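[1] everything below, folded, please.
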Amino acid sequence: MSPLRKWIDIPPVWLAACIFIAWWQKTYHPIGLTFGPVWADLLGGLLVGGGLLLAALALSEMRRQRTTFMPNEEAGRLVTSGIFKRSRNPIYLGDAMILAGLILYWDAVLSLPLIPIFVWVIEKRFIQPEEAMLRRKFLADYARYAQQTRRWL
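    Below you'll find the model as predicted:
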């Protein structure tokens, strides 16, 4: 993988692309559909805030454990503490929450399919290869962790 592709093909870039598409849709093709008055704004804000909090907690725990948070880099440790007790992928879950929250907040109804598309891309491009790498490196510890902790929630 080329150095440029290594830095472009990362989850935040995929998230930014989906956010841009949703913003573009709501700005240039709103078509008059909405999720409703206040509740969509409130739920959207809660999802964005919750997603940012999840990502921050996960990054903090990974930093505390002195392991990488970069996709496709070999982890120094298997992190199973903190927020990782609840989700094996709290950063990706947070990303999906941020995307969903912005779509709700912007009333970007036509952009709703971006959420499952984003989740699918993240699973195929990042989660599955990362889990295979962790499975090879941490063997029984990872198998036990994967059995006890769900991938998303």
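[2] max-length helix in this structure?
    Secondary structure of the chain per DSSP state H: the longest helix is helix 38-64.
[3] centre of the chain to that helix, how far?
    Relative to the centre of its chain, helix 38-64 is centred 10 Å away, using CA atoms, centre = their mean, to the nearest Å.
[4] helix or strand right after it?
    The first helix or strand that comes after helix 38-64 along the chain, using DSSP states H and E, is helix 90-106.
[5] please name every helix or strand in contact with that following helix.
    For helix 90-106, the contact count by 3 or more CB pairs under 8 Å, 6 or more residues apart in numbering; DSSP states H and E identifies helix 11-28, helix 38-64, helix 114-122 as packing neighbours. Placement of C-beta: from N, CA and C, glycine included.
[6] ok so, going back, quick one: the longest helix of the chain to helix 11-28, angle?
    Relative orientation of helix 38-64 versus helix 11-28 (axes from the mean of the first three to the mean of the last three CA atoms, to 10 degrees): 160 degrees.
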